[in-house]
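Asks: starting from these lines, generate the structure:
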Amino acid sequence: MFNSSLVSHFVLGAYIDIGSLKYAAFLILLLMYGGILLCNLLLIVIICLNRTLHEPMYLFLCSMFFNELYGSAAIFPMLLFQVLQDIHVVSSVMCLLQIFVLYSYGGIEFATIALISYDRYLAICRPLRYNSIMTPNKTAVLIALTWCYFILVNVFITYGLTAPLTLCGNILRKIYCDNYYVVRLSCFDTRVNNIFGLTHMFSVVLGIILLIIYTYVRILHVCLNGSKQTRQKALSTCTPHLLSLINFSFGAFFEIVQSRFDMIALPNPLRVFLSLYWLVVQPLINPLVYGLKMTKIRLVLRMLLCGK
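Replies: As a prediction, the model looks like this:
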């Protein structure tokens, strides 16, 4: 796959030898993956089958839950396989595929969080114009553009910039494949990869962050100057979204910092935890947060469970 006959596979060098505890780790990971599949699929089915939930915010949430299934499929099966092995290797083809899925998952997740922020801004700050601005067609276009953009960009990054590299090693100090770590193995100058990666990351991430900050500054302004009913509405609809935003931003930030700055002083178990946090915790808690906090979802779920 790469321009080197020596690199047909990668060694994942961050795994810790835990002896017989690997079976307990396997069971924990299996239960977590089962919980992610069950909760996200349940909420997708609830939103798709119930017409009262065919509103922009719930459609954005449906896209988010589907994306979390997509990202989890790239990390959990490999973790479940690798944790039982004594030698942790992955083929170069599977490594590139994992990089592509995980990076597109991260971009889609962050962009979807921004879309929900924009939707909440319109609902709270522009309630009279909400239905005319956030139409079903516009909602579908925004979701489609989010998926298409990040999939196409990551096709270019993974298969246009990373795959042609000639590598002088095959050991990744991670428990899964990471584009930055693969690029660092290149025998030659990777300036183009680094410039494009940093430029794209800062431009897209900065744009999304500015949109989120603007929407919540406006929402806060309305809450401070609005009625008690307005504050309660904003609080009930924005709390789960803020929890999701903070959790994902925290995990992604620490993953970027510990990868880019090579924080080898940190204990290996802590580095493993930080690198997995944004991939494991987000799809696990998001369905719980939205399912418990969003009144409409909670009511429909209660009706289904009670058989009404």
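
Asks: so where's the protein uncertain?
Replies: By pLDDT under 70, the low-scoring segments of the chain are 1-6, 226, 230, 262-265, 305-308.

Asks: what ranges does it have for its helices?
Replies: Per DSSP state H, the chain carries helices over the ranges 21-49, 56-82, 92-125, 130-133, 136-155, 179-183, 191-225, 228-260, 268-293, 295-306.

Asks: mind giving me the packing neighbours of the fourth one?
Replies: So the one you mean is helix 130-133. In terms of contacts (3 or more Cβ pairs under 8 Å, 6 or more residues apart in numbering; DSSP states H and E), helix 130-133 is packed against helix 92-125. All C-beta atoms are positioned from the backbone trio N, CA, C, and that covers glycine.

Asks: buried sites along the helix it packs on?
Replies: 92, 94-125 (16 or more other Cβ atoms under 10 Å).

Asks: what angle do that helix and helix 191-225 make?
Replies: 20 degrees (axes from the mean of the first three to the mean of the last three Cα atoms, to 10 degrees).

Asks: could you say what helices and strands helix 92-125 packs with?
Replies: Right, helix 92-125 is packed against strand 9-12, helix 56-82, helix 130-133, helix 136-155, helix 179-183, helix 191-225, helix 228-260, helix 268-293 by 3+ Cβ pairs under 8 Å, 6+ apart.

Asks: excluding chain neighbours, what is closest to the residue nearest the centre of the chain?
Replies: In the chain, the residue lying closest to the centroid (Cα atoms, centre = their mean) is Gly106, at 3.9 Å. Nearest non-adjacent residue to Gly106, counting by Cβ to Cβ, 6 or more residues apart in numbering: Ala252, 6.5 Å away.

Asks: Leu61 is in contact with Ile113, isn't it?
Replies: No - between Leu61 and Ile113 there is no contact under Cβ atoms under 8 Å: 10.5 Å.

Asks: could you pull up the contacting residues of the nearest residue to Val222 once chain neighbours are set aside?
Replies: The shortest distance from Val222 to any non-neighbouring residue, by Cβ to Cβ, 6+ apart, is to Cys125 (5.2 Å). Residues near Cys125 by Cβ atoms under 8 Å, 6 or more residues apart in numbering: 218-219, 222.

Asks: one more: Val141?
Replies: By Cβ under 8 Å, 6+ apart, Val141 has no neighbours at all.

Asks: and it, how far is that from Tyr118?
Replies: Distance, Val141 to Tyr118, using Cβ to Cβ, to the nearest Å: 13 Å.

Asks: now do Tyr70
Replies: Tyr70 is 22 Å from Tyr118, by Cβ to Cβ.

Asks: okay if I get the helices and strands packed on helix 92-125 as a markdown table plus distance to Met32?
Replies: Output for the helices and strands packed on helix 92-125, formatted as a markdown table (distance: least, Cβ to Cβ, whole Å):
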| stretch | distance to Met32 |
| --- | --- |
| strand 9-12 | 19 |
| helix 56-82 | 8 |
| helix 130-133 | 37 |
| helix 136-155 | 25 |
| helix 179-183 | 24 |
| helix 191-225 | 27 |
| helix 228-260 | 15 |
| helix 268-293 | 6 |
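
Asks: out of these, which gets nearest to Leu41?
Replies: helix 56-82 (7.1 Å; Cβ to Cβ).

Asks: next, the angle from the closest one to helix 92-125.
Replies: 160 degrees.

Asks: for helix 56-82, buried residues please.
Replies: 56-68, 70-72, 74-76, 78-79, 82.

Asks: same deal with stretch 227-245?
Replies: Counting neighbours by 16+ other Cβ under 10 Å, one finds that the buried residues in stretch 227-245 are 230, 233-234, 237-238, 240-242, 244-245.
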